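A.B. asks: After the sequence you'll find the predicted model.
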Amino acid sequence: MARYIGPKTKIARKFGEAIYGPDKTYDKKSHPPGQHGNSRRRKKLSEYGTQLKEKQKAKYTYGILEKQFRNLFKKANQKDGITGEVLLQLCEARLDNSVFRLGIAPTRSAARQLVSHRHITVNGGLVNIPSYSLRAGDVIGIREKSKSLEVITDSLSSPKSCPWMDWNSDKLEGTFNHYPDRADITEKINEQLIVELYSK
């Protein structure tokens, strides 16, 4: 299963924001990576460079590699609506992202691991594909044997609210009600730049 396994703080410093969540090292070194940090004179990014950087930020944020991200863009391009917004909606509808949004896992990478290790169910059946695309009405649950896992109980102790999903704390399951509105997606991503890059 392909995934990015390189240095995460370095990537966060590159984009100037903690895209992988709370990071003590990033808090200490928030300047760009490299030997000279902020003192190094940097050339102004070209239009292509700006678009590429935005695409890379989206990919790293959602933990998607190039081929899968390009396929998501093609899918978004074929749907009705604004292509950039539809692209982000498809990213948010991924199972690993939804597990993170519900607060079952502390990070997207932890959510991806829970899914791939068969701890998560969709509509009562085990699903171990992190990129599984949810539809309206799908119910995300935790396998009975996994409900006592420390990583899950610790994460659920700090509940999260998600406008497009409902969480039932008694049954420990969430319902994917609909694709999110753009205003509800909190990630600082300029999706229009990604559309412009892929449209060249």
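C.D. replies: Looks like it came in fine. Numbering: from 1, shown residues only.
A.B. asks: residue ranges for the helices of this protein, please.
C.D. replies: 8-15, 24-28, 47-62, 66-78, 83-92, 95-101, 108-116, 150-156, 191-198 (DSSP state H).
A.B. asks: Go through those and name the closest to residue 184.
C.D. replies: helix 83-92 (8.8 Å; C-beta to C-beta). Where you see a C-beta, it was placed from the backbone N, CA and C, and this is true even at glycine.
A.B. asks: List the neighbours of stretch 131-144 that are in contact with it.
C.D. replies: Stretch 131-144 is contacted from outside by 64, 68, 90, 93-96, 98-99, 102, 104, 115, 118-124, 126, 152, 165, 171-179, using C-beta atoms under 8 Å, 6 or more residues apart in numbering.
A.B. asks: let's see 7 Å
C.D. replies: Residues outside stretch 131-144 that contact it (C-beta atoms under 7 Å, 6 or more residues apart in numbering): 68, 90, 93-95, 98-99, 102, 104, 118-123, 126, 152, 172-178.
A.B. asks: among the helices and strands of this structure, which one scores worst on average pLDDT?
C.D. replies: Least confident helix or strand of the chain, by mean pLDDT, DSSP states H and E, is helix 24-28 with a mean of 61.
A.B. asks: Against residue 72, how distant is the residue most central in space within the chain?
C.D. replies: Closest to where the C-alpha atoms of the chain average out (C-alpha atoms, centre = their mean) is residue 62, at 2.8 Å. Distance from residue 62 to residue 72, counting by C-beta to C-beta, to the nearest Å: 9 Å.
A.B. asks: shared neighbours of those two, anything?
C.D. replies: Contacts common to residue 62 and residue 72, judged by C-beta under 7 Å, 6+ apart, are residue 91.
A.B. asks: circling back: OK, contacts around the residue nearest to the centre of the chain?
C.D. replies: With C-beta under 7 Å, 6+ apart, residue 62 has these contacts: 91, 97, 108.
A.B. asks: Name the nearest of those residues relative to residue 57.
C.D. replies: Distances from residue 57 to the contacts of residue 62, taken by C-beta to C-beta, are shortest for residue 91, at 12.0 Å.
A.B. asks: What residues does residue 105 make contact with?
C.D. replies: Shown in contact with residue 105 (C-beta under 7 Å, 6+ apart): 99, 111, 114, 151, 155.
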